[in-house]
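> Need the 3D shape of this:
(one chain, ligands or ions: 2)
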Amino acid sequence: LWDQCTNLLKQDLTDSEFNTWIMPLQASEEEGRLRLFAPNRFVKDWVKQHYEKQIATLCLGVSEGRIEHVSFEIGALRKRQENDTHSVESRASEADPDSTLEKRRADACLNRTFNFDSFVEGKSNQIARAASIQIGQNPGTAYNPLFVYGGVGLGKTHLMHAIGNAIIEANREAHVIYVHSERFVSDMIRALQHNEIDKFKRLYRRVNVLLIDDVQFFAGKDRSQEEFFHTFNALFEAQQQIVLSSDRFPKEVSGLEERLRSRFGWGLTVAIEPPDLETRVAILNSKATMLQMDLPDDVAFFIAKRVRSNIRELEGALRRLAANSRFLGIPITVEFAKDALRDMLVAQDKQVSIENIQKAVAAHYKIRVSDLLSSSRSRSVARPRQVAMTLAKELTKHSLPEIGKAFGGRDHSTVIHAARKVTELRAGDTMIEEDYKILLRTLQN
Ligand code: ADP
Ligand code: MG
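Numbers count the residues shown, from 1 in each chain. Ligands and ions are numbered 1, 2, ... in the order given. This next block holds a predicted model:
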């Protein structure tokens, strides 16, 4: 059964995706359940996150209902045979350049498909990309730390892996680790439980490049912050490269100790913003080539226009189209796309935009949208503007600089200030609290 599924998956995924994520899986079937074993947590999480639906649909289909459930676990089904292991190891120790590189990549937890070549440049990510390339070339000396922030699905993780990949490709000896903050936390807890905290410390303090993703997950985890603080200092003093990512500006990550927050801003802080239409089209075309699918221009344009929130969604739309068109044997047209992506498009349309917020707030306070964007500081305009900015921060996935820009080119600190002010006012002023609630209700329906 699993062999049949992998054959089908092979058609839907690129070779490198297939080899990296599907090949390492082992399967066992028992009483209506297919258990898939991944060699490590990284692979397991990745597969679950990216391919769970696809795998489940395929397996349920192929087994004609015999399998009702697919689970993902870490582990190996049976030990590989003694001889086998030997031959694998000896191959790795012969100086085969590719296999040492792949081993380094695996040790570093890097996904090879996330590289600079597969990263499409656009206005929204230009600076983040350029800074990342520089760090790939001069780790430890260009900027330290590099802090990349932006909304979900905009390419932060991709860039971090690309930095790591570039560094080990240039220097196999470089000791690189990519780790998600949640993983850092759980590994640390496990190390504490097993009295292995010294080992844990040594592991992180001897790296040349530490790529640590989504640091907002450190919020409120004091012991992990403490540990990470020392790791950070050790690496920083030794001029080893640190790259951090987060969904918001360093100063805005709440639940973080001040000493960490300020350190995060010591080097270079760059934003990734949602891609504009042209970039979305370029990304779709690039992904279509990787998926070996034929994507007509009008369809690429149609998807790019309708799916605006993030790149992960764009990719999801494309995969869905490819799978459906292959499955049904129907060529991809705009009509077909409309049909295949209907639910996704409805969800996209429901998302609140800054424009809608501005319209709703202007209508509520009986002023004009242009007043909100103007430089007027009069109370009757400034207060609604602050409310609108706060709503934009709460309800949309736009970054603070983007929100500032959408309000007549203000800067991100103005948005931060507005949000603080409104929170304060809502607590003390029932009128504002009432207005805010009404607006929330209007916008969310
Ligand atoms: P984030 O970490 O910001 O949530 P990811 O790095 O996981 O986002 O990106 C989500 C998906 O979008 C990934 O599959 C990634 O390869 C893709 N992606 C993001 N930005 C780009 C880009 N500029 N060019 C090509 N693919 C991109
Ligand atoms: Mg990410």
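> Apart from its chain neighbours, what residue comes closest to the residue in the stretch 251-400 of the chain that ligand 2 sits nearest to?
Nearest residue of the stretch 251-400 of the chain to ligand 2 (Cβ to the ion) works out as Arg312 at 8.9 Å. Backbone N, C-alpha and C define where each C-beta goes, glycine included. With sequence-adjacent residues excluded and distances taken as Cβ to Cβ, 6 or more residues apart in numbering, Arg312 is closest to Gly153, at 3.4 Å.
> surely that neighbour meets Gly316?
No. Gly153 is beyond contact range of Gly316, at 9.3 Å (criterion: Cβ atoms under 8 Å).
> follow-up on the earlier one: please report how far the residue of the stretch 251-400 of the chain closest to ligand 2 lies from Thr157.
Computed as Cβ to Cβ, to the nearest Å, the Arg312 to Thr157 distance reads 10 Å.
> who's more crowded, the two?
When neighbours are counted by other Cβ atoms under 10 Å, Arg312 and Thr157 differ, and Thr157 comes out ahead with 20 against 15.
> out of everything not next to it in sequence, what's closest to the residue of the stretch 151-300 of the chain found nearest ligand 2?
Relative to ligand 2, the nearest point of the stretch 151-300 of the chain is Thr157 (3.2 Å; Cβ to the ion). Distance criterion Cβ to Cβ, 6+ apart; nearest residue to Thr157, sequence neighbours excluded, is Asp213 at 5.7 Å.
> Tell me the buried residues in the helix or strand containing Arg441?
Assigned by DSSP states H and E, Arg441 belongs to helix 430-444. For helix 430-444, burial by neighbour count (16 or more other Cβ atoms under 10 Å) applies to 432, 435-436, 439, 443.
> Intersect those residues with the contacts of ligand 1.
Among those, no residue lies close to ligand 1 (Cβ under 6 Å from any ligand atom).
> Nearest to Ser399 among those residues?
Leu443 (19.1 Å; Cβ to Cβ).
> wait, the closest one sits on Val361?
No. At 9.1 Å, Leu443 and Val361 do not qualify as touching, with contact defined as Cβ under 8 Å.
> For the residue sitting nearest the centre point of the chain, give its distance to Phe228.
For the chain, the residue nearest the mean C-alpha position is Gly153 (4.4 Å; Cα atoms, centre = their mean). Counting by Cβ to Cβ, the gap between Gly153 and Phe228 amounts to 25 Å.
> now swap in Ile55 and tell me
Distance, Ile55 to Phe228, using Cβ to Cβ: 34 Å.
> and if you look at Glu52?
Glu52 is 30 Å from Phe228, by Cβ to Cβ.
> Compare those two (neighbour count), which wins?
Phe228 (24 against 14).
> Helix, strand, or coil at that one?
helix (DSSP: H, G, I helix; E, B strand; the rest coil).
> Make 14 the starting number, not 1.
All set: I'll call the first residue 14, so the last point we hit is now Phe241.
> tell me the contacts of it?
197, 225, 231, 273 (Cβ atoms under 8 Å, 6 or more residues apart in numbering).
> which parts of this structure sit against ligand 1?
127, 131-133, 138, 163, 165-171, 296, 299, 324-325, 328.
> The protein: strands as residue ranges?
Remark: strands assigned in the chain by DSSP state E are 39-43, 46-51, 82-87, 159-162, 189-193, 222-226, 254-259, 281-284.
> Could I get these in CSV, plus columns for distance to Ile148, mean pLDDT and mean neighbour count?
Below are the strands of the chain laid out as CSV (distance: least, Cβ to Cβ, whole Å; pLDDT from 0 to 100; neighbours: other Cβ atoms under 10 Å):
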stretch, distance to Ile148, mean pLDDT, mean neighbour count
strand 39-43, 37, 86, 13
strand 46-51, 30, 88, 19
strand 82-87, 31, 87, 15
strand 159-162, 6, 96, 26
strand 189-193, 12, 97, 22
strand 222-226, 8, 97, 25
strand 254-259, 6, 97, 26
strand 281-284, 9, 93, 20
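> Now Ala313: closest residue in space that isn't a chain neighbour?
Leu297 (4.6 Å).
> and that neighbour, how many residues sit next to it?
Neighbour tally, Leu297, other Cβ under 10 Å: 25.
> for it, what are its contacts?
With Cβ under 8 Å, 6+ apart, Leu297 has these contacts: 308, 313, 316-317, 327, 331.
> Neighbour-wise, which one of those residues leads?
Leu331 leads those on contacts (other Cβ under 10 Å) with 26 neighbours.
> Verify the contact between the residue of the stretch 164-313 of the chain closest to ligand 2 and Val256 for me.
No. The pair Thr170 / Val256 is not scored as a contact, 11.0 Å apart, by Cβ under 8 Å.
> What is the nearest of the buried residues of helix 443-457 to Asp111?
Of all those, Asp111 sits closest to Leu456, with 53.1 Å by Cβ to Cβ.
> The closest residue to that closest one other than its chain neighbours and Cys122: what is the separation?
Closest residue to Leu456 apart from its sequence neighbours, by Cβ to Cβ, 6+ apart: Val365 at 5.2 Å. Going from Val365 to Cys122 by Cβ to Cβ gives 36 Å.
> quick one: which of these two has more around it?
Higher neighbour count among Val365 and Cys122: Cys122, with 20 against 17, using other Cβ under 10 Å.
> My understanding was that that one contacts Asp200; is that so?
No. Contact criterion Cβ under 8 Å: Cys122 and Asp200 do not qualify, at 11.5 Å.
> can you list residues touching both of those two?
Common neighbours of Cys122 and Asp200 (Cβ under 8 Å, 6+ apart) are Val192.
> remind me, longest helix of the chain?
helix 54-75 (DSSP state H).
> which other helices and strands contact that helix?
helix 15-25, strand 46-51, strand 82-87 (3 or more Cβ pairs under 8 Å, 6 or more residues apart in numbering; DSSP states H and E).
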